Every structure is written in structure tokens, then in C-alpha cells.
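>>> sequence-free structure coming up:
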Ligand code: CP
């Protein structure tokens with residue numbers, strides 16, 4: 001694959017190659033080798049039309065650790081505010097010689113359009129309510145590190161599935177990796193097409209907790225909602241929030257995940273987010289390794305990157 005637009009585009013072998021490469025890169029970083037020469041002379045453009053903390057920073061860190069030149073573009077403060085189109089913005093960046101373009105956009109499908117306009121590889125860093133494939137890869141990487149092989153593992157994804165690109169990408173990738181996924185949400189926060197997703201559906205969080213190896217809480221995207229979706233935040237939290245009492249119903253080995261940013265006290269209690277079962281901070285750290293693997297595999301070409309370590 002030249003681009004990474006959807007987690008569904010990855011075969012099982014592709015996904016395992018990314019995860020194994022991320023593991024290898026993480027081990028190199030663990031040996032205090034901060035930088036690899038792999039992408040020296042390549043340019044990665046981070047094209048962010050929507051806000052981000054984790055994804056933008058970790059793509060920048062990943063590209064720099066592979067020695068790429070990085071151009072960070074944020075729509076705020078750019079000529080997008082004067083009405084410049086995505087295509088013209090992309091062509092401008094292309095003229096500066098982008099080998100890879102990492103894009104986050106509020107329109108579902110924007111990375112797919114971009115891939116038709118630029119010569120470089122396009123990586124989807126989150127498009128509207130559609131997909132966030134590198135989040136799914138870093139989540140799978142985190143699960144594998146904590147629990148081993150994902151075949152047959154029971155992963156429960158809870159909350160605002162309707163607006164969640166993280167949920168869709170995770171369901172697709174986890175299915176490819178052989179995990180058994182259940183999504184739990186109020187009926188108003190499930191997409192109409194949920195029946196076509198490769199997962200089970202439940203409306204009862206308490207019933208699925210004892211059977212879960214992983215529980216992944218989703219952010220309630222209040223900015224995209226009105227009162228029709230659920231009565232009150234307090235009611236949502238009572239039925240679908242993860243507090244300490246509910247966490248105690250999980251098996252001892254189970255882990256608690258959240259892609260961030262969190263609404264503490266809404267979908268997840270602060271004491272759960274900060275507990276030893278939480279992998280939330282670990283997910284952020286793993287994001288750099290997973291994104292290094294993606295950039296290396298898409299842009300590294302035939303470079304014998306790994307193994308050519310350059311102590312800094
Ligand atoms: N998980 C995630 O995509 O976070 P950001 O929006 O901060 O990048």
C-alpha cells in the first residue's frame with residue numbers, strides 16, 4: 001500500500017508487519033538510540049485542519065526520530081481562512097516536495113481525495129467521523145504488549161460510537177487481527193449501519209464487563225450533539241460511564257483504554273483513568289512507535305532502515 005487511509009485496507013499480514021516493526025523501533029528507542037537515519041532527505045508534511053494534541057505531536061516526533069524533514073501546517077493562521085481549498089493547499093505543499101502527507105480533516109473522505117492530488121504517500125490522521133487508522137494501530141500495539149496475541153481476545157468499545165472514527169478503525173483492525181469486539185452504546189449513539197460492522201452490539205455495559213479483556217472508553221463528543229442523543233450527561237455517565245465500582249467487575253488481567261482527549265467524570269472517572277489498569281499514557285507513548293512504523297514502511301522504500309542505528 002502507498003497510502004494509509006483506512007484500517008480496513010490492511011491485511012492481517014500488513015497489520016502484523018506494522019506492529020512488529022513498531023515493536024522493533026520501540027526496542028531501538030529503549031536502547032537510548034533516539035534517532036535513525038532511515039528517512040534522511042525525505043519530507044513529511046503534517047496537514048492539520050482540525051485540532052489535535054496527541055496525533056500531531058506524535059507524528060512530528062515519529063518523523064523526526066526517522067530523520068525526516070518535517071513541515072507542520074495548521075489550518076488556523078493559514079490561507080485556508082481566506083477560502084483556499086484543500087486541493088490548492090495540498091498542491092502548494094506538494095510544490096515544496098512532500099514525500100508524505102499526514103492529514104487530519106473534519107470532512108470524512110478528505111484523505112482519500114488528497115491521495116488523488118499528490119504524488120506522496122497520504123496518511124489519515126483522523127477524518128471526520130470516518131477513520132483514524134494509526135490510533136487503531138497504536139491501540140492494537142498496546143493491547144499486544146499487555147495481553148499478547150489478540151486472536152480470540154474480547155475487546156469492548158463503549159460510548160459515542162456514532163461520532164467515533166477511533167471506534168470504526170479499531171473494529172476493522174481488531175477483526176482483522178482475530179479479536180472478538182463488542183460495542184456498547186445507547187441506541188442513539190450507534191451508527192445506522194452498525195449491523196454491517198464486524199462486531200457484536202450490546203446496550204448493557206454491566207453485562208459485558210466480566211467477559212472483557214479490554215475495555216476501551218470513547219470520548220462523548222459533546223460538540224457534535226444535542227439533547228436528542230441522551231437525556232443528560234449525568235444519566236449518560238450513570239449508564240455508560242466507567243467508575244471504580246464498574247472497573248471492579250472486570251477480570252483481573254483486563255486493561256482500560258481511552259484514545260484521549262478524555263472527559264473525566266463523564267465517560268471515565270478520574271480514579272479509573274489514573275489507575276494501574278489504565279493504559280492511557282502508555283497509548284500516547286506507543287503512538288510514536290506505531291507512527292514511526294507507518295512512516296518507515298510507507299516512505300522508507302528499500303532502505304535497510306532498521307539495524308542502521310546512529311547513536312546521537
Ligand atoms: N487520540 C487522538 O486522536 O487525540 P488528538 O485529537 O489529541 O490527536
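Looks like it arrived, so ask away. Please read these numbers as outputs of a predicted model, since none were measured by experiment. Residues are numbered from 1 along each chain as shown.

>>> how about the residues of the stretch 151-300 of the chain near the ligand?
259, 260, 261 (C-beta under 6 Å from any ligand atom). For every residue, glycine as well, the C-beta is placed using N, CA and C.

>>> From residue 101, how far off is the last one?
From residue 261 across to residue 101, the span is 24 Å (C-beta to C-beta, to the nearest Å).

>>> quick one, helices of the stretch 151-300 of the chain?
For the stretch 151-300 of the chain, applying DSSP state H, counting those that start in this stretch gives helices covering 165-176, 205-208, 233-240, 244-247, 270-273, 280-299.

>>> Quick check: phi and psi at residue 279.
For residue 279, the backbone dihedrals (degrees, to the nearest 10) come out as phi -110, psi 20.

>>> Low-confidence ranges, the stretch 51-200 of the chain, go.
Of all residues in the stretch 51-200 of the chain, none has pLDDT under 70.

>>> mind listing what the residue lying closest to residue 180 once chain neighbours are set aside touches?
Once flanking residues are discounted, residue 180 sits nearest to residue 154: 5.1 Å by C-beta to C-beta, 6 or more residues apart in numbering. Counting by C-beta atoms under 8 Å, 6 or more residues apart in numbering, residue 154 touches 179, 180, 182, 211, 212, 213, 214.

>>> and the residue nearest to the fifth one when sequence neighbours are not counted, what does it touch?
Computed as C-beta to C-beta, 6+ apart, the closest residue to residue 212 that is not its neighbour in sequence is residue 156, at 4.3 Å. The contact partners of residue 156, taken as C-beta under 8 Å, 6+ apart, are 181, 182, 183, 184, 208, 209, 211, 212, 214, 215, 216.

>>> Among those residues, which ones are in strands?
181, 182, 183, 184, 214, 215, 216 (DSSP state E).

>>> quick check, nearest of these to residue 192?
residue 183 (13.7 Å; C-beta to C-beta).

>>> how much space between the residue nearest to residue 212 and the ligand?
Remark: distance between residue 156 and the ligand (C-beta to the nearest ligand atom, to the nearest Å) = 18 Å.

>>> same thing with residue 140?
14 Å.

>>> buried subset of the contacts of residue 156?
181, 182, 183, 184, 208, 209, 212, 214, 215, 216 (16 or more other C-beta atoms under 10 Å).

>>> Look up the residues forming beta bridges with the third one.
Beta-bridge pairing for residue 183 (DSSP bridges): residue 157, residue 201.

>>> Pretty sure it sits against residue 162.
No: taking contacts as C-beta atoms under 8 Å, residue 183 lies outside contact range of residue 162: 10.4 Å.

>>> Skipping adjacent residues, who's closest to residue 61 in space?
residue 288 (5.0 Å).

>>> List the residues that contact the one you found.
By C-beta under 8 Å, 6+ apart, the neighbours of residue 288 are 29, 58, 61, 62, 65.

>>> Narrow these to those in helices?
Secondary structure from DSSP state H places 29, 58, 61, 62, 65 of the contacts of residue 288 in helices.

>>> Strands of the stretch 51-200 of the chain, start to end?
Along the stretch 51-200 of the chain, counting by DSSP state E, counting those that start in this stretch, strands occupy 69-74, 100-105, 121-127, 154-158, 180-184, 200-202.

>>> who wins for proximity to residue 298 among those?
It's strand 121-127; of the strands of the stretch 51-200 of the chain, that one is closest to residue 298 (C-beta to C-beta) at 4.3 Å.

>>> the inter-axis angle of that closest one versus strand 100-105?
Angle, strand 121-127 to strand 100-105, by axes from the mean of the first three to the mean of the last three C-alpha atoms, to 10 degrees: 20 degrees.

>>> From the chain's centre, how far out is strand 121-127? Work that out for me.
Relative to its parent chain, strand 121-127 has a centroid offset of 11 Å by C-alpha atoms, centre = their mean, to the nearest Å.

>>> Residue in the stretch 201-312 of the chain with the shortest distance to the ligand?
Residue nearest to the ligand within the stretch 201-312 of the chain (C-beta to the nearest ligand atom): residue 259, separated by 3.8 Å.

>>> Tell me how far the nearest residue to that residue once chain neighbours are set aside lies from residue 244.
Once flanking residues are discounted, residue 259 sits nearest to residue 166: 4.7 Å by C-beta to C-beta, 6+ apart. Distance, residue 166 to residue 244, by C-beta to C-beta: 24 Å.

>>> Please consider this matter closed, and thank you.
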